[in-house]
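[1] Give me a 3D structure for the following:
(chains A and B)
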Amino acid sequence: MLVSNHKKYDIAIIGAGPVGVFLAHLLTKYGVSNCLIERRLSPTSHPQAHFLNARTMELLQSCYHKAFQELKFFIPPSSEWRYLPSRLSATYIIYISFEM
Amino acid sequence: MILSFIRNFVYCYNVLGREFCRIDHFHISRTPSSFWMSSPTTICHLPQNVFESVIQKNLEIRDFYRGYEVSKVDFSNILDKSSQTIFYIKPRDESVEPNCFTEISCKYVVAADGAHSTIRDGLRISLQGKSGIQTLLNIHFLCAGLSKLVRTTNPAMLYFTFNEVQMKSIAPFIFSVPLSWLC
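    Numbers count the residues shown, from 1 in each chain, chains lettered A, B, ... in the order given. Presented below is the predicted three-dimensional model:
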């Protein structure tokens, strides 16, 4: 095995999904040495989860302001929000999205 | 404009045809006013792929190994707080650096690699609670004509399409409107 580089960090994060990226951002912000390792070559193209709760948005607003500013575009006016009851009861769901 | 897309879930025979039911999730019951008093911000509705793109684009980190996979992890001392954990990563595209590894030495490893985490499996840490709640199959396809028709004539966020066979097996097709339409 050929080892070309040796790197040392306080924390190594494996996975650059929402959790990994947010953690890497926080550690960097507070001066903790870290690295982020992601297998995929680009962010996922699958919708997967599609809801951010208020606490997550609060953390983004206070700790990750640049991203929050972009996400604000996707927030409907608060006067329009209601409870969102789940109507999903299917055992198997085939999820199809279509792009332009 | 965004609201017209994300407020409705449509239950139908097909996307542009007979409609069984339309659920407007923004007019079922009002969220208590105390909710809005309790937080300086609000909930947000957007798919994970868009969220990931936004936060990754704004991430300022020096060492981001994108396109690398973890290999040769020694799990024997990973739970030993007094020692360093050492593992190796290599680019998936071996034409870039063929068979060449980078050694990572760290105090802590955070396994944020999802529900099927290889790190968690290696440590034999099992998930708690019920697993396999749903089985989903994502299919992405391009259809400019269909997207134009749906966008202009029948905007909604999700379309649950049923036919006789699917009714019996409770396995609807769900069409999702990509957020790129809204931008």
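
[2] Now B:His116. Its backbone dihedrals?
    When read as degrees, to the nearest 10, the backbone of B:His116 gives phi -110, psi 40.

[3] Can you name the residues in contact with the one helix or strand A:Ala24 maps to?
    Applying DSSP states H and E as the criterion places A:Ala24 in helix A:18-29. Residues from elsewhere that reach helix A:18-29 (C-beta atoms under 8 Å, 6 or more residues apart in numbering or on different chains): A:10-11, A:13-14, A:16, A:33-34, A:36, A:38, A:49, A:59-60, A:63-64, B:48, B:51-52, B:55-56, B:58-62, B:64, B:110, B:112-113. The C-beta positions use only the backbone N, C-alpha and C, and glycine is treated the same way.

[4] Please pick the buried ones from those residues.
    A:11, A:13-14, A:16, A:33-34, A:36, A:38, A:60, A:64, B:48, B:51-52, B:55-56, B:58-59, B:61, B:64, B:110, B:112-113 (16 or more other C-beta atoms under 10 Å in any protein chain shown).

[5] circling back to that earlier point, pull out the buried residues from the helix holding A:Ala24.
    Buried residues in helix A:18-29 (16+ other C-beta under 10 Å): A:18, A:20-25, A:27-28.

[6] and which of these is nearest chain B?
    A:Gly20 (3.7 Å; C-beta to the nearest C-beta).

[7] Quick check: pLDDT value at that closest one.
    Reported pLDDT at A:Gly20 in the predicted model: 95.

[8] quick one: contacts for the spatially closest residue to it that is not a sequence neighbour?
    Distances taken as C-beta to C-beta, 6 or more residues apart in numbering or on different chains put B:Ala112 closest to A:Gly20, at 3.7 Å, once the chain neighbours are dropped. With contact set as C-beta under 8 Å, 6+ apart, B:Ala112 has these partners: A:13-17, A:19-20, A:23.

[9] Next one: the residue nearest to A:His50 when sequence neighbours are not counted relative to A:Leu60, how far apart?
    Leaving aside its sequence neighbours, A:His50 sits nearest to B:Pro47 (C-beta to C-beta, 6+ apart; 4.5 Å). Distance, B:Pro47 to A:Leu60, by C-beta to C-beta, to the nearest Å: 16 Å.

[10] Equivalent analysis for A:Arg40, please.
    22 Å.

[11] swap in B:Cys21?
    Applying C-beta to C-beta to B:Cys21 and A:Leu60 gives a distance of 35 Å.

[12] and if you look at A:Asn53?
    11 Å.

[13] got the residue ranges for the helices in chain A?
    Taking DSSP state H as the criterion, chain A contains helices spanning A:18-29, A:54-63, A:65-71.

[14] So which of these is nearest B:Arg124?
    helix A:18-29 (21.2 Å; C-beta to C-beta).

[15] Work out the gap between that closest one and the centre of the chain.
    Relative to the centre of its chain, helix A:18-29 is centred 9 Å away, using C-alpha atoms, centre = their mean, to the nearest Å.

[16] most centrally placed residue in chain B?
    Centroid-nearest residue in chain B, with C-alpha atoms, centre = their mean: B:Gln48, separated by 4.0 Å.

[17] Report the spatially closest residue to it, excluding sequence-adjacent ones.
    A:Gln48 (3.9 Å).

[18] ok so, going back, now, which of the buried residues of helix A:18-29 sits nearest B:Ser131?
    A:Pro18 (20.4 Å).

[19] can you tell me if the top strand by length along chain B touches chain A.
    If you go by DSSP state E, chain B has its longest strand at strand B:100-111. Yes. Using C-beta under 8 Å from any C-beta of the partner chain, strand B:100-111 reaches chain A at B:100-111.

[20] Buried ones only from those, please, as a PyMOL command.
    Entered in PyMOL, the line below selects the buried ones among the residues of strand B:100-111 next to chain A, by 16+ other C-beta under 10 Å:
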select buried, chain B and resi 101+102+103+104+106+107+109+110+111
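
[21] Return the set of residues that bridge with B:Glu103.
    A:His6, B:Tyr88 (DSSP bridges).

[22] Please identify the residue most distant from the middle of chain B.
    Of all residues in chain B (C-alpha atoms, centre = their mean), B:Ser82 lies farthest out, 35.8 Å.
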